[in-house]
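Trainee: I would like to see how this sequence folds:
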Amino acid sequence: MTGTVDVLLIGGGIMSATLGTFLQQLQPDWKIAVYERLGGVAEESSNAWNNAGTGHAALCELNYMPAGPDGSVDAAKAVTINEQFQQSRQFWTSLIERGVLDGPKTFINATPHMTFVQGEKDVAYLKRRYEALRVQPLFAGIEYSEDSRVINQWAPLLMQKRRKGEPFAATRVPSGTDVDFGALTHQLIDTLRENGADVVTNREVKNLKRMKDGTWRVDFRNVVGGTPGQINARFVFIGAGGWAIKLLQKSGIPEIKGYGVFPIGGQWLKTSDPKIVAQHKAKVYSQASVGAPPMSVPHLDTRVVDGETSLLFGPFATFSPKFLKTGKWWDIITQVRPSNLGSMLKVGATNLDLVKYLVSELIKTHAKKVDSLRQFMPTATAEDWELLDAGQRAQVMKGGKLQFGTEVVSSADGSIAGLLGASPGASTAVSIMLGLLKDCFPDRIAAWEPALADLIPSYGATLNADPAAAAASTARTAEALQINL
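Mentor: This next block holds a predicted model:
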């Protein structure tokens, strides 16, 4: 496609797919183009094997609810994350009803979410966390136990050959989910294409320039053949994972000044042995190691990809200067600008625990990684588990701090926006894109709100503040997505 489009989505991942779907539902007359640098969509962070597939709802992830200096816990952030995932569930439900998505089993599966901790200190913390969450309407049904017999029923692999007298505890939420964001992205992109969007792979965006007429001139290169080209767009979204910062910097918008990103990779231990897989149906999270980033919280997960069930354990952190698995070795250097250098140096000086953690992870042998697995699964043997490379994540650096989570950076006039950061990203893509619609299309959002409320019934409301609404929403989406147990 040449000429001018209304919307250009750079990157073929879950973020671009979600935003494109919103805009196609809200403004079907707009011309939309999707440019992906690789030969297919959902090949980087959205690929099923490059992420944990957790439907992040703060049901099991302890980093969304850390203990304060006095040991107290606050449920506010956990509730917010859960609210955001409820919007995803509602959106997907509406898309299934409209025929945009295939049957739910093609991308989402019921998988209980659990937390398992050991030692008196962590057991006491988990009990306080449970007490704070069980009174929240969105966490109705959360269970807690310190009884080995109960935990054995929930997840037998956790308890086999565990030492007697060792303090441990677990929580469980049966309504948790495993999500194949790769399959979900493919389905959304396929529908975009079927409804007239121009989806082009093997096309790498090289530069962006603001034109006098208010559009963006986007220079690209066709990877196959190397031919260059240009297109103009009235609105540009950069959902290119770690490369988003590079393209935002090239756009020249002042809002990107001061930002940097720090790449962290990962690996998984995986088994598809039917005898082992049959004994574990849950995503079980625990406490992170000292200095570990939240994305490295250890967990033993059921994964369903292309109809095959397997177990993953990890992630084990790795380091590469690339911003993407298919990035360039000098990515971490070429992002440096006078406006972000000081902040990046401060991050390096104040995160020595993270550096120490990364070094310790890099020198771990396969045997040592299996030893880590045995803290969850005492009966694990090295020959049953293979090592897989996970995706690259680019954590946000701003103001001298290393931030965890996602952040949308947009121009003052709303004509261009990009997404930086990582977890819980994919799970909360719907909420993130709703925020982007408000920020970048302020003159249209009021007219779109009836359609948004039709797509997401809780739009503009807070489910957790209304127990009846929370229960009704959960029941509706559980039935539609076939995730009620």
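
Trainee: show me where pLDDT drops low in the chain?
Mentor: 1-2, 289-296, 485 (pLDDT under 70).

Trainee: for it, what's the longest helix?
Mentor: helix 76-97 (DSSP state H).

Trainee: From residue 86, how far off is the residue lying closest to residue 140 once chain neighbours are set aside?
Mentor: Leaving aside its chain neighbours, residue 140 sits nearest to residue 471 (7.0 Å; criterion: C-beta to C-beta, 6 or more residues apart in numbering). Using the backbone N, CA and C atoms, a C-beta is placed for each residue, glycine as well. Distance of residue 471 to residue 86, computed by C-beta to C-beta, to the nearest Å: 12 Å.

Trainee: and what of residue 39?
Mentor: Counting by C-beta to C-beta, the gap from residue 39 to residue 86 is 35 Å.

Trainee: picking that back up, mind listing what's buried along the longest helix of the chain?
Mentor: 78-96 (16 or more other C-beta atoms under 10 Å).

Trainee: Residue 331 and residue 322: what is the separation?
Mentor: Separation of residue 331 from residue 322 (C-beta to C-beta) stands at 5 Å.

Trainee: Same check on residue 458?
Mentor: Taking C-beta to C-beta, one finds residue 458 at 39 Å from residue 322.

Trainee: follow-up on the earlier one: what residues are shared contacts of residue 331 and residue 322?
Mentor: 242, 263 (C-beta atoms under 8 Å, 6 or more residues apart in numbering).

Trainee: Can you mark which positions in stretch 306-313 are buried?
Mentor: For stretch 306-313, the neighbour count (16+ other C-beta under 10 Å) marks 309, 310, 311, 312, 313 as buried.

Trainee: so is the third one in a helix, a strand, or just coil?
Mentor: If I follow you right, that is residue 311. Look at residue 311: counting by DSSP: H, G, I helix; E, B strand; the rest coil, its state is strand.

Trainee: Name whatever forms a beta bridge with it.
Mentor: Beta-bridge partners recorded for residue 311 (DSSP bridges): residue 271, residue 302.

Trainee: Go ahead and confirm it touches residue 302.
Mentor: Yes. Applying C-beta atoms under 8 Å as the test, residue 311 and residue 302 come out as touching, 6.3 Å apart.

Trainee: what are the phi and psi angles of residue 4?
Mentor: phi -130, psi 130 (degrees, to the nearest 10).

Trainee: what's the burial count for the residue nearest to residue 140?
Mentor: The number of residues packed near residue 471 is 14, by other C-beta atoms under 10 Å.

Trainee: Is it within a helix or a strand, and which one?
Mentor: helix 467-481 (DSSP states H and E).

Trainee: Equivalent analysis for residue 232, please.
Mentor: strand 228-238.

Trainee: What pairs with that strand, parallel or antiparallel?
Mentor: Applying DSSP bridges, strand 228-238 is found paired with strand 4-10 (parallel), strand 216-222 (antiparallel), strand 416-421 (parallel).

Trainee: which residues in the stretch 251-400 of the chain form helices?
Mentor: For the stretch 251-400 of the chain, applying DSSP state H, counting those that start in this stretch gives helices covering 274-277, 331-334, 338-350, 352-362, 366-374.

Trainee: How far off centre is the last one?
Mentor: Mean-position distance between helix 366-374 and its chain equals 25 Å (C-alpha atoms, centre = their mean, to the nearest Å).

Trainee: Show the secondary-structure elements that that helix is packed against.
Mentor: Judged by 3 or more C-beta pairs under 8 Å, 6 or more residues apart in numbering; DSSP states H and E, helix 366-374 is in contact with strand 260-271, strand 308-318.

Trainee: Would you mind writing the CA trace of the longest one as PDB?
Mentor: As requested, C-alpha coordinates have been extracted for strand 260-271 and formatted as PDB (Å, rounded to 0.1, in the frame of the first residue of the first chain):
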ATOM      1  CA  GLY A 260      15.800   4.200  28.000                       C
ATOM      2  CA  VAL A 261      15.300   0.500  28.100                       C
ATOM      3  CA  PHE A 262      17.200  -2.400  29.600                       C
ATOM      4  CA  PRO A 263      16.900  -5.800  27.800                       C
ATOM      5  CA  ILE A 264      16.400  -9.000  29.800                       C
ATOM      6  CA  GLY A 265      16.000 -12.400  28.200                       C
ATOM      7  CA  GLY A 266      14.900 -15.700  29.600                       C
ATOM      8  CA  GLN A 267      14.900 -19.400  29.300                       C
ATOM      9  CA  TRP A 268      12.400 -22.200  30.300                       C
ATOM     10  CA  LEU A 269      12.700 -25.800  31.300                       C
ATOM     11  CA  LYS A 270      10.000 -27.700  29.400                       C
ATOM     12  CA  THR A 271       8.600 -31.200  29.600                       C
END
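
Trainee: packing partners for it?
Mentor: On a contact count with 3+ C-beta pairs under 8 Å, 6+ apart, strand 260-271 meets strand 308-318, helix 331-334, helix 338-350, helix 366-374, strand 386-389, strand 393-398.

Trainee: what about 6 Å?
Mentor: Where contact means 3 or more C-beta pairs under 6 Å, 6 or more residues apart in numbering; DSSP states H and E, strand 260-271 is packed against strand 308-318, strand 386-389, strand 393-398.

Trainee: got a list of contacts for the first one?
Mentor: By C-beta atoms under 6 Å, 6 or more residues apart in numbering, the residues outside strand 308-318 that reach it are 264-272, 277, 280, 296, 300-301, 303, 358, 361, 369, 373, 390.

Trainee: List buried members of the residues you listed by neighbour count.
Mentor: 264-271, 277, 280, 296, 300-301, 303, 358, 361, 369, 373, 390.

Trainee: List the residues that contact the closest residue to residue 223 other than its chain neighbours.
Mentor: Spatial nearest neighbour of residue 223, excluding adjacent residues (C-beta to C-beta, 6+ apart): residue 202 at 4.1 Å. By C-beta under 6 Å, 6+ apart, the contact set of residue 202 is 39, 223, 224.

Trainee: Now restrict the residues you listed to buried residues only.
Mentor: Buried among the contacts of residue 202 by 16+ other C-beta under 10 Å: none.

Trainee: which one of these is nearest residue 207?
Mentor: Distances from residue 207 to those, taken as C-beta to C-beta, are shortest for residue 223 (15.7 Å).

Trainee: Cross-check the contact I'm expecting between residue 126 and residue 118.
Mentor: No. Using C-beta atoms under 6 Å, residue 126 is not in contact with residue 118; the gap is 10.0 Å.

Trainee: Helices along the stretch 101-250 of the chain, start to end?
Mentor: 120-133, 148-154, 156-159, 181-194, 244-251.

Trainee: which one of those helices lies closest to residue 479?
Mentor: Closest to residue 479 of those is helix 181-194 (C-beta to C-beta; 18.9 Å).

Trainee: List the buried residues for that closest one?
Mentor: Buried positions in helix 181-194, judged by neighbour count with 16+ other C-beta under 10 Å: 181, 182, 183, 184, 185, 186, 187, 188, 189, 190, 191, 192.
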